[in-house]
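Undergrad: the sequence and its predicted three-dimensional model are supplied below.
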Amino acid sequence: MQISNSFELFKFLKIEKGYLKELHDPLWWPNSKSFEVVVGTILTQQTKWHKVEKALENLKTNALLDLKSLSNCDAKFLATLIKPSGFYNTKAKRIKLLSINILKDFGNFKTFKNNVNREWLLKQKGLGKESSDSILCYACEREVFVVDNYSAKLLRKFGYNFEEYDELKDWMEDGILSNLEKIYEIYQEEKTINEIFARFHGKIVEYAKEEL
DNA sequence: GGCCAGGTGTAAA
DNA sequence: TTTACACATGGC
């Protein structure tokens, strides 16, 4: 099997593999479009999602899963709550600091969501390219494709070796944007570019988890 | 019991 | 600019 662009990869997963016909969330990421995604991007770093769910559950139980509460919380206490997700001391400090900065620079999540850009995110401690793009795509509903180890691994299977993160990201985005009409035909309905990117990335993750 | 997961920051060379 | 390493849990 050979593919020459990301649209062909999309078809491979969507049609031949039939992955993710039913999604628990329209954008794949649980509780997408919410502040929870921002916290989740840090929690999920180098950790299985199952354990992130536990950590998020602990935050909810303690009424900590919002900007103001996290900004004012004790980082040590926060660390105990997110312990299942690993790297808990580091993640606790970063989640608290990020919350403080969002509050300081944007005032609330909605304003953050509508105005933040990649540059601002990349300056935050704990947010690299993947986490920043995840926030843009899954929390802020932007037209950004998220690249991760799964994407690189899957593409390697097809003979592609991308050196740079952004190189792979552009390749993924370009192939989709150049074939939007065909994608609308496959979905049988108009989806936003954000939705297409979000679901496609999710598809890659689910497929790679099971079969690579 | 070792390996790895929905990475990132930092400190060397 | 590249490489090495720390951060840490828990499921398999």
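TA: Received, thanks. Numbering: from 1, shown residues only, chains lettered A, B, ... in the order given.
Undergrad: quick check: residues of chain A near DNA strand B?
TA: A:28-30, A:40, A:44-49, A:86-87, A:90, A:124-132, A:134, A:138, A:148-150, A:205, A:209 (Cβ under 7 Å from any atom of the strand). The C-beta positions use only the backbone N, C-alpha and C, and glycine is treated the same way.
Undergrad: take the residues you listed and keep only those in helices.
TA: Here DSSP state H is the test, and those give A:Gly40, A:Trp49, A:Thr90, A:Lys129, A:Glu130, A:Ser131, A:Ser132, A:Ser134, A:Asn149, A:Tyr150, A:Val205, A:Lys209 as lying in helices.
Undergrad: can you tell me which of those are buried?
TA: Buried members of those, counted by 16 or more other Cβ atoms under 10 Å: A:Gly40, A:Lys129, A:Glu130, A:Ser131, A:Ser132, A:Ser134, A:Tyr150, A:Val205.
Undergrad: could I get the residues you listed as CSV with pLDDT?
TA: Shown next, in CSV, are those (pLDDT from 0 to 100):
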residue, pLDDT
A:Gly40, 98
A:Lys129, 98
A:Glu130, 98
A:Ser131, 98
A:Ser132, 98
A:Ser134, 98
A:Tyr150, 93
A:Val205, 93
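Undergrad: return the closest of those residues with respect to A:Glu173.
TA: A:Lys129 (13.6 Å; Cβ to Cβ).
Undergrad: start to end distance for stretch A:40-56?
TA: 8 Å (Cα to Cα, to the nearest Å).
Undergrad: domain assignment for chain A?
TA: A:6-28+A:145-211, A:35-139 (automatic domain parsing).
Undergrad: can you say which of those is nearest to DNA strand C?
TA: domain A:35-139 (2.7 Å; Cβ to the nearest atom of the strand).
Undergrad: can you pull out the low-pLDDT segments for chain A?
TA: A:19-22 (pLDDT under 70).
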